[in-house]
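1. With the sequence up front, the predicted model follows.
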Amino acid sequence: MTGTQRNKVWRHRRILTEHVFDKLWLLDLTLAEFRVLLDAAAEVIDEAVIADGQLKELVLYLDWSRPLHVVVVVDDIHAEERLITVYEPSTDRWSDDFRTRR
């Protein structure tokens, strides 16, 4: 993955995987809250090409009750953005601003 940092722009329809629903439950975050969060300002802090026409993004949300990372696969071929997981970054594994792995 690269060290690219830029604002997240949603270009395609969003698809939530079953894993995201499981993680939302563990984070005590409702689907409605999560949908609002997705439309808030966010930053792509890491990205990598994973296949032809597919880009994996690590997105950071700070304007919430706690910081959250969302992993997204942008699939231009199928015109969709698949949300793979969501989690609360730990300061044990991430810098204090949650943008850099330790």
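-> Here it is on my side, so go on.
2. Low-confidence ranges, the protein, go.
-> Low-confidence segments of the chain (pLDDT under 70): 1-4.
3. Let's check: the centremost residue of it is which one?
-> residue 70 (2.0 Å; CA atoms, centre = their mean).
4. wait, what's in contact with it?
-> Contacts of residue 70 were listed using CB atoms under 8 Å, 6 or more residues apart in numbering, and they are 38, 42, 58-59, 61, 83, 85-86. The C-beta positions use only the backbone N, C-alpha and C, and glycine is treated the same way.
5. Of the residues you listed, which belong to strands?
-> 58-59, 61, 83, 85-86 (DSSP state E).
6. Skipping adjacent residues, who's closest to the residue sitting furthest away from the middle of the chain in space?
-> The C-alpha centroid of the chain is most remote from residue 52, which lies 20.3 Å away (CA atoms, centre = their mean). Leaving out its chain neighbours, the residue that sits closest to residue 52 by CB to CB, 6 or more residues apart in numbering is residue 77, at 7.6 Å.
7. Correct me if wrong: that neighbour contacts residue 54.
-> Yes. Shown here, residue 77 and residue 54 form a contact pair, counting by CB atoms under 8 Å, at 7.4 Å.
8. which one of the two has more residues nearby?
-> Comparing residue 77 with residue 54 by neighbour count (other CB atoms under 10 Å), the higher total belongs to residue 54, at 15 against 9.
9. Looking at strand pairing, list the partners for the more buried one.
-> Beta bridges link residue 54 to residue 51, residue 75, judged by DSSP bridges.
10. Many thanks, have a good one.
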